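Novice: Fold the stuff below for me.
(chains A, B, C and D)
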Amino acid sequence: MPEISVRELANRIPDGAKVAIPPSRSGVALAATCALIDRKARNLHLIAIPTSGIQADMLIGAGCVSVMECAGVTLDEHGQAGRFVETVKAGSITLRDSTCPALVSGLQAGEKGIPFMPMRGLIGSDLLKHRPDYKVIDNPMSDDPDPIVLLPAITPDIALFHAPLADRHGNVWIGNMRELMTMAHAARQTFVTVEEITDTDLMRDELRAPATIPALYITAIAHARAGSWPLGLQGCHDPDNEELARYAAASRDAESFAGWLARTQKRVTV
Amino acid sequence: MPEISVRELANRIPDGAKVAIPPSRSGVALAATCALIDRKARNLHLIAIPTSGIQADMLIGAGCVSVMECAGVTLDEHGQAGRFVETVKAGSITLRDSTCPALVSGLQAGEKGIPFMPMRGLIGSDLLKHRPDYKVIDNPMSDDPDPIVLLPAITPDIALFHAPLADRHGNVWIGNMRELMTMAHAARQTFVTVEEITDTDLMRDELRAPATIPALYITAIAHARAGSWPLGLQGCHDPDNEELARYAAASRDAESFAGWLARTQKRVTV
Amino acid sequence: MDCKPQELLIFTIARMLEGIDHVAVGVSSPIPGSAALLQRSLSEGKTQVTVLNSRNLQTLNDGAGELFDRAAQGRIGAFFLSGGQIDGHANINLVGIGDYPRHHVRWSGSFGSAMLYYLVPRVILFREEHTRRTLVDQVDFISAPGTSPPEIHRPGGPYALVTGRCVFMFDRKKAHFRLTSIHPGHSLDEVHENTGFAFDLADNIVETPLPDAPTLALLRGPIAQEIADPYPAFAHQVFGV
Amino acid sequence: MDCKPQELLIFTIARMLEGIDHVAVGVSSPIPGSAALLQRSLSEGKTQVTVLNSRNLQTLNDGAGELFDRAAQGRIGAFFLSGGQIDGHANINLVGIGDYPRHHVRWSGSFGSAMLYYLVPRVILFREEHTRRTLVDQVDFISAPGTSPPEIHRPGGPYALVTGRCVFMFDRKKAHFRLTSIHPGHSLDEVHENTGFAFDLADNIVETPLPDAPTLALLRGPIAQEIADPYPAFAHQVFGV
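Specialist: Alright, predicted model coming up:
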């Protein structure tokens, strides 16, 4: 298994890549995000599975993103994602608004190698009006008229996340964050930062194997202790709510954001 | 959590029920199967996810089954499933032959509450000719002609399986046998036999929680040590290959099968 | 005993959850979350509760899609939605004000609304701020519509709208709200003045009932402790725990 | 060194797996499984192998669908199928002989063939019994067709057919087998006599090459040990381990 540095990991995510990222509670690779900003990544197409927060906001604020696909970007109890809101209002990124289950279903279609997945809901929503890639058909299984939405498969170029534990073979333990498994299955390449690397073979560990992504799906791993800071990581560390509140305040204008970013880039070892 | 006896569990699976059962390597509830035969269950519609072996063969041989939906019934290295083969040839059950991924995808559609799921393959196969419920449409996401099969959702009345461990709340740990999770999600009711019942809350156990079916999906649990005998159970016990070989020999004709069944019914405590 | 406004809202919503097997509570929903927990306690556990992003009040372990799968399986009897704007047809807007996508006000996004609003039988709309800014004649963007034509598969939809001033019940056939109760200290005139959409009046508009002393004690005791798991700041602010 | 027929078949199939990143091996496939493991060893691990129902040779942990998802994702370069009947267009029949469903001979069923045969780029058909009973002009039931019309999404399909007597390569455009090598001790006449379908002859039909001594030692040593995990009876019978 190629174990690389966080900097090298960011270097291997090319400009223009379609990058799938998890929600704020599920292993957000923020050290790697800092490295992406540091290397001045450009034109990323972010796909939140299904929402994002500080990660998307930071990348958008730093000018790394050209397309944002999501069901929501929020700093949760800390309020609005300032850079996201400002950039959307300025019209300087392409927004692909959706709803949580549509992003998950689209990713599952990608995982299954099928061109689309049907979903209930959406009809009559303005979300659907702005998504010409979502098609409405009449359910062929029904004798009565029954319009239903088909969502195109989402096949990210890259899945990027942070996990508690990997082993030397490249297997990655994700605990309860099952969406990370779907992301790795659906993506062409998967880059992971981890809190720890163990010598045990996780796939041969009866208790951990069921929640382990097999190495087959993993492109490279970087060791990044507290790699989701200031967000938390289930079972490892709590969110740093003070820092998240500072971020929320800073994200309201470009200058404070730049200041926060400069301080953080120094602090986060990549 | 209602903890019941194996006999009571079998009593709660009504005649005519659509029952989803796992493959021979994934927690087959054979003690409960003996109890179903004992109570003379009739007209069961078995849905193998996606294949079965001794379990379907026993139920068919005992006259419990009217419809068999599967991608295969086999005794693996022990040879053909004799009662299945004879009954199919006699035309006395309705057979719904399919292919493994179609059964899994149909169940996943049931899990997702969507009416159908597309799948590649099948076109040009005689399986498709005999499944009027499988529809072929032109992929609406493609500009070119692109026929694709839609599989109807499978929503079993009941999922029935055997697992290593449950807790007093009704949570069930399944290890690597992830198909059991999908079965429980898709089925209206889920009955489980288990090797052991623990006082620990499995959903609060960091290592077991990711492979635990939450009690919400579980209708009732019965304690049945070696409840998959003579089949094995991953991480618990190996298959009893001598007994399976005896079964394979017995299944070749109705009389030997009846003898095997009588001996086994005495041996298996329900 | 003096009942705080939040406590009244919690009690009011809890009463709407009677007979529900399983209530799910989304993110940023401390008052609905407390209401669900109160109903769980009042029903002696018959009403099961899943609170997203809690440590001990959730049972989701199959990825970001499981909540939605559960809704589609018919396992979720009640859910809560809100809106930056809510209109008289119960359309909700979680996206922004002005023309999409370059709104002059932009919110976080539609989250799960465009599916859950269709599939959960009893969706309770909750918006504490009751002004002509939030309750509008017509939303600028429909994240999810209040009603759908008959050919659309829609087992679910809006049940009621609870605000800081009153309770409206929703009539799905008429696609119209009906004012049924006004919270103590508020008036019909005030409701009219602050509501941007037309609504019907119930034959018998009552004052929204307050919780009795045992219920209030339950709320301030065990429920306050429970809601501190997902919402520590809220529990501290309202209940001092 | 004397090479057993099974060893020749293993070596023959292993050579067909050169350059494949990931080979999956289904149930009841000890010879293809041994071939995959041999190729893994010869490639110094570049070819990865997943053997279903093994303890240590599989990496599936996401349920009964994961193997098929992997195939659809393009992650599986080679797979093995067989058939109760195989015909000259590479159609395979895993269901039965006679009219469906009341066949006079019934087999286990189609398993994953009706999907994997379409999606895995290099499907190797393997049937040791080479008779007019197994290799027929036309199968009685098509579990999965050998070829599909151009509008059908089909990145995969048959690559070769390996039997106890010879090797046929499959020409997908012509939908026809071509005899390319005959195993030592067998003859072209014998192949003709025992084959129920018409086939082409390669310009240069060779004798199927035998493994050299180091390869045979590898097979009888570490590979024999590895294949004993999913196939203990086979490993004991062929390799005495």
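Novice: could you show me where the helices are in chain C, in order?
Specialist: Ranges of helices in chain C, per DSSP state H, are C:5-15, C:30-42, C:66-72, C:113-119, C:188-194, C:213-218, C:224-227, C:232-234.
Novice: Get me the contact residues on chain C for chain B.
Specialist: Selection of chain C residues close to chain B by CB under 8 Å from any CB of the partner chain yields C:22, C:48, C:56, C:59-62, C:65-66, C:68-69, C:71-75, C:119. Glycine gets a C-beta too; all of them are placed from N, C-alpha and C.
Novice: Now with 10 Å, please.
Specialist: With CB under 10 Å from any CB of the partner chain as the criterion, chain C meets chain B at residues C:21-22, C:48, C:50, C:55-56, C:58-62, C:65-66, C:68-75, C:119, C:153, C:155.
Novice: So which of those sit within strands?
Specialist: With strands defined by DSSP state E, the entries of these inside them are C:22, C:48, C:50.
Novice: With respect to chain D, which of those is nearest?
Specialist: For those, the closest approach to chain D (CB to the nearest CB) belongs to residue C:50, at 23.0 Å.
Novice: on that earlier part again, could I get the helices of chain C as a markdown table with distance to residue A:263?
Specialist: Putting those into a markdown table (distance: least, CB to CB, whole Å) gives the following:
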| stretch | distance to residue A:263 |
| --- | --- |
| helix C:5-15 | 37 |
| helix C:30-42 | 32 |
| helix C:66-72 | 37 |
| helix C:113-119 | 36 |
| helix C:188-194 | 44 |
| helix C:213-218 | 46 |
| helix C:224-227 | 35 |
| helix C:232-234 | 25 |
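Novice: Let me know which of those helices is tucked in deepest.
Specialist: Highest mean neighbour count among these (mean count of other CB atoms under 10 Å in any protein chain shown): helix C:113-119, with a mean of 28.
Novice: which of the ones in strands among the residues of chain C next to chain B tops the neighbour count?
Specialist: Within those, residue C:50 tops the neighbour count with 23 neighbours, counted by other CB atoms under 10 Å in any protein chain shown.
Novice: Pairing partners for that one in the sheet, please.
Specialist: Following DSSP bridges, residue C:50 is listed with bridge partners residue C:24.
Novice: Now do the same contact list for it.
Specialist: Shown in contact with residue C:50 (CB atoms under 10 Å, 6 or more residues apart in numbering or on different chains): B:214, B:216, C:22-26, C:36, C:57-60, C:66-67, C:70, C:75-76, C:79.
Novice: can you do 7 Å?
Specialist: Contacts for residue C:50 (CB atoms under 7 Å, 6 or more residues apart in numbering or on different chains) come out as C:24-25, C:57-60.
Novice: Residue C:77 touches residue C:18, doesn't it?
Specialist: No - look at residue C:77 against residue C:18 with CB atoms under 7 Å: they stay out of range, at 10.5 Å.
Novice: residue contacts, whatever residue of chain C ends up closest to chain B?
Specialist: Nearest residue of chain C to chain B: residue C:72, at 2.5 Å (CB to the nearest CB). Contact analysis of residue C:72 by CB under 7 Å, 6+ apart lists A:120, B:112-114, C:119.
Novice: nearest residue to it other than its sequence neighbours?
Specialist: Distances taken as CB to CB, 6 or more residues apart in numbering or on different chains put residue B:113 closest to residue C:72, at 2.5 Å, once the chain neighbours are dropped.
Novice: Likewise for residue C:110?
Specialist: Spatially, and ignoring its direct neighbours in sequence, residue C:110 is nearest to residue C:143 (3.9 Å; CB to CB, 6+ apart).
Novice: Before we move on, what's the pLDDT of that neighbour?
Specialist: Here, the pLDDT recorded for residue C:143 equals 98.
Novice: if I look at it, how far off is residue A:179?
Specialist: Residue C:143 sits 22 Å away from residue A:179, going by CB to CB, to the nearest Å.
Novice: And for residue A:127, the neighbour number?
Specialist: Neighbour tally, residue A:127, other CB under 10 Å: 28.
Novice: following the helix or strand in which it is found, which helix or strand shows up next?
Specialist: Per DSSP states H and E, residue A:127 falls inside helix A:126-129. Next along the chain after helix A:126-129, taking DSSP H and E as the criterion, comes strand A:135-138.
Novice: partner strands of that next one, parallel or antiparallel?
Specialist: Counting by DSSP bridges, strand A:135-138 is paired with strand A:147-152 (antiparallel).
Novice: Dump the C-alpha coordinates for the strand it pairs with into PDB.
Specialist: Output of strand A:147-152 as PDB, limited to C-alpha atoms (Å, rounded to 0.1, in the frame of the first residue of the first chain):
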ATOM      1  CA  PRO A 147     -44.400   9.700 -12.900                       C
ATOM      2  CA  ILE A 148     -41.000   9.100 -11.100                       C
ATOM      3  CA  VAL A 149     -37.700  10.800 -11.200                       C
ATOM      4  CA  LEU A 150     -34.500   9.000 -12.500                       C
ATOM      5  CA  LEU A 151     -31.200  10.300 -11.200                       C
ATOM      6  CA  PRO A 152     -28.100   9.800 -13.200                       C
END
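Novice: ok, and for the helix or strand immediately after it in the chain, which residues are buried?
Specialist: Using DSSP H and E, the helix or strand that follows strand A:147-152 towards the C-terminus is strand A:158-167. Under the neighbour-count criterion of 16 or more other CB atoms under 10 Å in any protein chain shown, strand A:158-167 has A:158-167 buried.
Novice: Isn't residue C:115 up against residue A:101?
Specialist: Yes - counting by CB under 7 Å, residue A:101 is a contact partner of residue C:115 at 4.5 Å.
Novice: overlap in contacts of the two?
Specialist: Jointly contacting residue C:115 and residue A:101 under the rule CB under 7 Å, 6+ apart are A:119, C:68.
Novice: Which other helices and strands does the helix or strand bottoming out on mean pLDDT in chain C contact?
Specialist: Ranked by mean pLDDT, DSSP states H and E, the weakest helix or strand in chain C is helix C:232-234, scoring a mean of 91. Packing partners of helix C:232-234 (3 or more CB pairs under 7 Å, 6 or more residues apart in numbering or on different chains; DSSP states H and E): none among the helices and strands.
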